[in-house]
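Visitor: build the 3D model from these lines:
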Amino acid sequence: MRALLAVISLLMAGCSTSRPALPEQPNAPTSEGIVAAVGKQWDTADQKVAASVSIARENADRPDIVRSETTVALSFLPLPEPGELALARARAAKADQKDYAQATAFGKNLLASIDKNWAKVEADNREALRVSQLKDARIKELTAEVERVKREASDNIWTLAGVGIAALGAIAMVFAGPRIGITLLLSGAAIGAFPLIVDSEYFSYIVGTTLALAAGLGIYWLWDRVRDSANAPYEPPQK
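Guide: Numbers count the residues shown, from 1 in each chain. Next up is the predicted model:
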């Protein structure tokens with residue numbers, strides 16, 4: 001029995017080593033909807049800010065429109081930090097076009113870096129979801145394999161038990177006579193075939209038929225006993 005279990009363990013180890021290693025899962029959410037929803041909200045806010053600022057520039061000669069559109073744009077943005085606000089005020093007070101050009105270039109580079117990093121976040125999210133699905137499939141596969149090995153080990157126990165009983169039956173045929181030997185041989189065959197019967201799609205029919213036969217034999221035995229008692233000659237009680 002130990003040898004059989006060792007062989008099964010080796011087979012399992014061989015099967016496990018033959019599988020390709022799972023790729024490393026990125027540190028990202030595995031739900032694609034989270035990243036997609038945040039990205040969509042972010043894009044919506046950016047578009048509205050860009051639209052309001054663009055309209056404000058188109059109406060630069062109308063201070064009321066500029067103030068209203070920039071107010072709309074600011075509603076989509078967080079409050080500026082004091083340091084950033086001071087830099088902007090100093091730039092406006094100086095009114096040097098070189099400072100504006102440098103700030104504009106910095107903004108474009110920062111936006112390109114944000115877009116690049118966000119694209120990586122989306123790619124990592126898709127990869128994390130793919131690897132997570134691979135892990136779920138591997139867990140399901142290993143669980144099914146463990147159940148199969150357990151079932152095979154149980155079947156082997158029944159088979160070994162049946163072989164043992166059959167061997168005892170063969171010995172009993174020699175030393176105890178055919179009556180006991182044949183009974184043990186049939187019992188061994190029945191024990192060895194038990195897993196096949198249980199796993200069969202006709203198991204319920206087999207059980208039902210067996211119970212029906214057992215009930216029929218029981219009824220016949222009881223009827224035979226009653227008939228024998230009724231037909232037995234009368235014997236007066238001895239005094």
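
Visitor: for the host helix or strand of residue 110, name the packing helices and strands.
Guide: For residue 110, the host element (DSSP states H and E) is helix 97-175. Counting contacts by 3 or more CB pairs under 8 Å, 6 or more residues apart in numbering; DSSP states H and E, helix 97-175 is packed against helix 2-17, helix 32-58, helix 82-94, helix 178-199. Quick note: C-beta positions are derived from backbone N, CA and C, even for glycine.

Visitor: where among the ones you listed is average confidence lowest?
Guide: Looking over those, mean pLDDT reaches its minimum on helix 2-17, with a mean of 43.

Visitor: for residue 59, which non-adjacent residue is spatially closest?
Guide: Excluding the flanking residues, the one nearest residue 59 by CB to CB, 6 or more residues apart in numbering is residue 65, at 3.9 Å.

Visitor: now do the buried residues in stretch 67-80.
Guide: Using 16 or more other CB atoms under 10 Å as the burial criterion, the residues of stretch 67-80 that qualify are 69-70, 73.

Visitor: could you single out the nearest of the residues you listed to residue 178?
Guide: Using CB to CB, residue 73 comes nearest to residue 178 of those, at 102.7 Å.

Visitor: hmm, back to that, which residues touch the residue nearest to residue 59?
Guide: Residues near residue 65 by CB atoms under 8 Å, 6 or more residues apart in numbering: 55-56, 59.

Visitor: and the pLDDT for it?
Guide: 92.

Visitor: what does residue 228 give?
Guide: For residue 228, the pLDDT comes out at 69.

Visitor: against residue 57, how distant is the residue nearest to the spatial centre of the chain?
Guide: Among the residues of the chain, the one closest to the centroid is residue 136, at 3.9 Å (CA atoms, centre = their mean). Taking CB to CB, to the nearest Å as the measure, residue 136 falls 52 Å from residue 57.
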